[in-house]
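Visitor: This is a predicted model, with the sequence first.
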Amino acid sequence: MKKRSYILVAALVTGLMACDNTESVEKEPVKAETVRDLPADPITGVDATGRPASAGKYTYFSFKNGIVPAADSASNRWDLAFKATTILVNGGTSGPGNAGAVLLDGIFDEISTLPATAPIRQDQGADLAIPTGSGKGWYSYNPANNLIVPIAGKVLIVKTTEGNYAKVEILSYYKGAPATVNTATDEARYYTFRYVLQPDGTSNFQ
Amino acid sequence: MAMQQSFRKNRKVAVLGFCILLFQLTESRSQSPSADPMREDSLAEMVVTATRSERQLGALPMPVSVISKKQIQAMGSLRLNDVLAEQTGLFMVNDHGNGVQVQGFNPDYTLILVDGEPLIGRTAGTLELSRISVGNIKQIEIVKGPSSSLYGSEALAGVINIITENPNRTFAEGNLRYGGNQTLDVAGMAGIKNKKLGVNVYANRYSSAGYDFSPETIGNTVSPFQNITLQPRLSYQFSERTRLAVSSRFFSENQENAFGVTENAQVRLVEGPGKVQDVSYNSTLSHTVNSYLKIHARLYHTRYHTSTSLNYQPENQVYDQTFFRQNFTRPELLTEWTLSEKNLLTLGTGHIAEAVEATRYEQKQTFQTNYLFFQYEWFPTRSVHVIAGGRYDAHSAYRNQFSPKLSASWQVTEKFMLRGSAGVGFKAPDFRQLYLNFNNAVAGYSVFGALELAPNLERMQAAEQILDVLLDPSTFGALRPESSRAFNVGFQFTPAATFKTTFNAFRNDVQDLIETQAVARKTNGQSVFSYLNISEVFTQGAELESSNRWEFGKSTLTLSVGYQYLEAKDKAVVRRLNAGNVFRRDPETLVTERVPKASYGGLMGRSKHSANARLFYTGPNGISASLRGIYRGRYGFGDRNSNDILDADNEYVTGYMVWNVAAGRHWKQFSVQAGVDNLFNFTNAAYIPAQPGRLGWLRISASLEKKRASELN
């Protein structure tokens, strides 16, 4: 699992550096990246009573640096933190940064800019910028088969701690993003999402 | 016999007249056992459910259908669910039991009556229809559309009334049927009738070894069970004007449960019996005051008890023990006023006391309802019939409810009749939706009624059993009764005595439908559920039934076909679709797209198209046969593309057809019948586990009837 994370970070860093190198005057269209299997407090086994157990830790993520060590949780170095279905932003009551987010309805590719009607929000205690709850935020929960499914047509606009904007679409909550999830065998709490980071400080995603 | 003789001493002329009348009725009924079963469903047949007094089926302004005893016998059916499954527009829904879907509504919304009195004991809203044996049924009456104006809560989608045999003849009969899955049904019925007293008793034992679609797992798809039904009925004619009817029903079932529970990655065997008991007492005193007024005083009491005791085996440690006890008592006074030949008035009032006590409830919970209803029937001309009615229910726990209904029919020509009705139906939140307090030890989830949710959630949060709250209970508000406004419009066309067509189009606009919702997640990975008003659903559609009869020589062939078109949609989803705000993600490519409006398939579990074709044959020498095909079009099962709605082909259960065949021969006192249910062995273990495979059966019966003439001696 560790090994996978390193590869992931390496891939991200390479990808981001490639973006950083584009300093030409003519604007290149921003490119979509995909993060696969970001662990979000995965189940590690069962406890004494037979219940699933986990470490209870967040995974800190930066659009610039990829996964950030938990030791940096009190810094500006992360934008989003993932634990199970909960996603925190590094802003408001959740972190020292000035990051924020807003959840939009629409198709990822069609969202070209942050609408004026949807201001960026920060976490305020239980009132998270990215709301939790089945059908209230990014996912729905099916009690019949215990499946967590990212709701189609939910797009996050994230303002990073550096003041840039990214749009994000969560694609899967299960390891390997299987087309048909079997909750008995597929491991939950692994995010696959795609995003576009606009490094110029605007929310122009064209 | 001694009793019979003592009554004979008090013979009176009037009673003699009554007996002659009965004699005639019985004679016409038992005239030819081999008679065409479909002919029974004639427009002259008397029904009571639509107006609460006897009316001719063909004259009623609302959609009513009747399934006769002969039709049930020709089908060879044993239980109510078998019979209803073959009717146009009705579907069996398997959710905590076999319930019936009417006009697109779940089983919760159809009132099930036995001789006009409600059956109780629903699990998750479903009343198990296999509890009802059909061996002593005179006819089944089905009224579609709301009848809350007469029956109050639950009569929102329709009313199904099971009319049992009257104690009106001296006879004895026995039935034995054995078939696939070791299904054994033994039934006997006997009656004595003399001038004043009529008694009959029906007894039935029904058992099956069940079946298993997944032998690799512990437990059966349907576990072995056996049940008994006992139904005595008594009537006593005090005088020409006064009659007492007393009846009772006793039902008891045992089912052997066995299943595997995964604990610490180990599968453990859990076994134990489940018991269901359902008892009712009903007495009605009818008195004709004069030619204008008839009074019926009814007293009904019923109880429904279940208990389950599950143990780990072979350790014999307790795994789960539950019980559920519900009772319902209702005195009612009904008066029928014949104001004039053209004006009939029915007035009624009653009181309902209900109580429930269960493992899943904190304490014994009680409900009280007082109600008043009226029904005014007006025949302005010979061809027009108007019925206006309404009922006011004053509930101890909810806001009061008024349910009006207006229906009218117009016999345009001798062969063509138009009819229409508009009405309001409601269903009050039940005990479960308010007071349920249930933690499933097997699966680990919890369900709380609306009034139990907040305190229990707090308690569980304090005990650190809650991972996160998905929906905040403080935002819910009080649970409201579900209500609908319904319209039914149709016609009846009878160009010849051998041909009949009926058509009915319906629209139901439903508000405040109550559904279970996950409101929080537990640390064990399971959920906490509660009940919420999910507002605004509609169902609409049309139903067409047609039958034709051919006669050649001593043979009769009847073909009847039925078709229903149905749409049932969530209005909120329709609005979101219109706004272009519903999306779907292809699970393979992970590409998201907007859902086109036309892709929305509506609520899960509803078939847009369904049809049936039934062929009944009666021939010389008591030979009869039937072949019935029931088609159910595809219906939604569950979401597969991340938007919680039905919009993709792989979210449907494929449409299917089931064929049943039966044939038999009748002699004077004996009959033999054999049949095959599900002739082509259609099964769908994954999505339709309640549908067993092909089952053959054989039935023999014998009957003895006292000659009517001797009774007049």
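Guide: That came in fine, so what should we check first? Numbering: from 1, shown residues only, chains lettered A, B, ... in the order given.

Visitor: Using neighbour counts, pick out the buried residues of the helix or strand containing B:T322.
Guide: For B:T322, the host element (DSSP states H and E) is strand B:317-340. By neighbour count on 16 or more other Cβ atoms under 10 Å in any protein chain shown, the buried set for strand B:317-340 is B:Y319, B:D320, B:T322, B:F324, B:R325, B:Q326, B:N327, B:F328, B:R330, B:E332, B:L334, B:E336. Where you see a C-beta, it was placed from the backbone N, CA and C, and this is true even at glycine.

Visitor: Kindly report the same for stretch B:247-257.
Guide: Applying a neighbour-count criterion of 16+ other Cβ under 10 Å, one finds B:S247, B:S248, B:R249, B:F251, B:E253, B:Q255, B:N257 buried in stretch B:247-257.

Visitor: still on that earlier bit, nearest to chain A, of the buried residues of strand B:317-340?
Guide: Checking the buried residues of strand B:317-340 against chain A with Cβ to the nearest Cβ, the nearest one is B:Y319 at 13.9 Å.

Visitor: Provide a list of residues in contact with the closest one.
Guide: Counting by Cβ atoms under 8 Å, 6 or more residues apart in numbering or on different chains, B:Y319 makes contact with B:V261, B:V270, B:G272, B:L310, B:N311, B:Y312, B:A441, B:V442.

Visitor: Columns distance to chain A and pLDDT on top of these, output as CSV?
Guide: Shown next, in CSV, are the contacts of B:Y319 (distance: Cβ to the nearest Cβ, whole Å; pLDDT from 0 to 100):
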residue, distance to chain A, pLDDT
B:V261, 10, 80
B:V270, 15, 91
B:G272, 21, 91
B:L310, 18, 92
B:N311, 19, 92
B:Y312, 14, 91
B:A441, 12, 71
B:V442, 13, 65
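
Visitor: Name only those of these that count as buried.
Guide: Judged by 16+ other Cβ under 10 Å, buried ones among the contacts of B:Y319: B:V261, B:V270, B:G272, B:L310, B:N311, B:Y312.

Visitor: which residues pair with the third one across the strands?
Guide: Just to be clear, that refers to B:G272. When assigned by DSSP bridges, B:G272 has beta-bridge partners B:N257.

Visitor: Next: the fifth one.
Guide: In this structure, B:N311 has the following beta-bridge partners (DSSP bridges): B:E271, B:V318.

Visitor: mind pulling up the phi and psi values for the residue in chain A positioned nearest to chain B?
Guide: Sorted by distance to chain B under Cβ to the nearest Cβ, the residues of chain A start with A:G153, at 2.7 Å. The phi/psi pair for A:G153 (degrees, to the nearest 10) reads phi 80, psi 20.

Visitor: okay, now the closest residue to it other than its chain neighbours: neighbour count?
Guide: Excluding the flanking residues, the one nearest A:G153 by Cβ to Cβ, 6 or more residues apart in numbering or on different chains is B:F583, at 2.7 Å. If you count neighbours by other Cβ atoms under 10 Å in any protein chain shown, B:F583 ends up with 23.

Visitor: Now do B:F583 against B:A572, distance only.
Guide: Distance from B:F583 to B:A572, counting by Cβ to Cβ, to the nearest Å: 15 Å.

Visitor: would you turn the buried residues of stretch B:247-257 into CSV with distance to B:K668 and secondary structure?
Guide: Listed next are these as CSV, based on distance: Cβ to Cβ, whole Å; DSSP: H, G, I helix; E, B strand; the rest coil:
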residue, distance to B:K668, secondary structure
B:S247, 30, strand
B:S248, 32, strand
B:R249, 31, strand
B:F251, 33, strand
B:E253, 35, strand
B:Q255, 39, strand
B:N257, 45, strand
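
Visitor: Include distance to B:G145 when you put the buried ones among the contacts of B:Y319 into CSV, please.
Guide: Converted to CSV, the buried ones among the contacts of B:Y319 look like this (distance: Cβ to Cβ, whole Å):
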residue, distance to B:G145
B:V261, 44
B:V270, 44
B:G272, 42
B:L310, 42
B:N311, 47
B:Y312, 49
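
Visitor: picking that back up, which residues pair with the residue nearest to A:G153 across the strands?
Guide: B:R594.

Visitor: how about it, what does it touch?
Guide: Counting by Cβ under 8 Å, 6+ apart, B:F583 has contacts A:D105, A:G106, A:I107, A:I151, A:A152, A:G153, B:T592, B:E593, B:R594, B:V595, B:S642, B:N643.

Visitor: now B:L344
Guide: Applying Cβ under 8 Å, 6+ apart to B:L344 gives the contacts B:E336, B:W337, B:T338, B:Y376, B:E377, B:W378.

Visitor: where does the closest residue to chain A within chain B land on pLDDT?
Guide: Nearest to chain A in chain B, going by Cβ to the nearest Cβ, is B:F583, at a distance of 2.7 Å. B:F583 is assigned 93 on the pLDDT scale.

Visitor: now do A:A53
Guide: 81.

Visitor: and it, what element?
Guide: Using DSSP H and E, A:A53 falls within strand A:52-54.

Visitor: distance of the most centrally placed residue in chain A from B:G191?
Guide: Taking Cα atoms, centre = their mean as the criterion, A:L80 is the residue nearest the geometric centre of chain A, at 6.1 Å. Plainly put, A:L80 is 78 Å away from B:G191 if you go by Cβ to Cβ.

Visitor: Equivalent analysis for A:F193, please.
Guide: Distance, A:F193 to B:G191, by Cβ to Cβ: 74 Å.

Visitor: So which of the two has more stuff around it?
Guide: A direct count of neighbours by other Cβ under 10 Å for A:F193 and B:G191 places A:F193 higher, at 24 against 21.

Visitor: Where does pLDDT dip in the stretch 301-450 of chain B?
Guide: For the stretch 301-450 of chain B, the stretches flagged by pLDDT under 70 are B:442-443.

Visitor: Which positions in it make contact with chain A?
Guide: Selection of the stretch 301-450 of chain B residues close to chain A by Cβ under 8 Å from any Cβ of the partner chain yields B:Y445.

Visitor: Please apply the same query to chain B.
Guide: Residues of chain B lying close to chain A (Cβ under 8 Å from any Cβ) are B:263-265, B:445, B:467-471, B:516, B:518, B:521, B:523-527, B:529, B:581-585, B:587-588, B:590, B:592-594, B:638-644.
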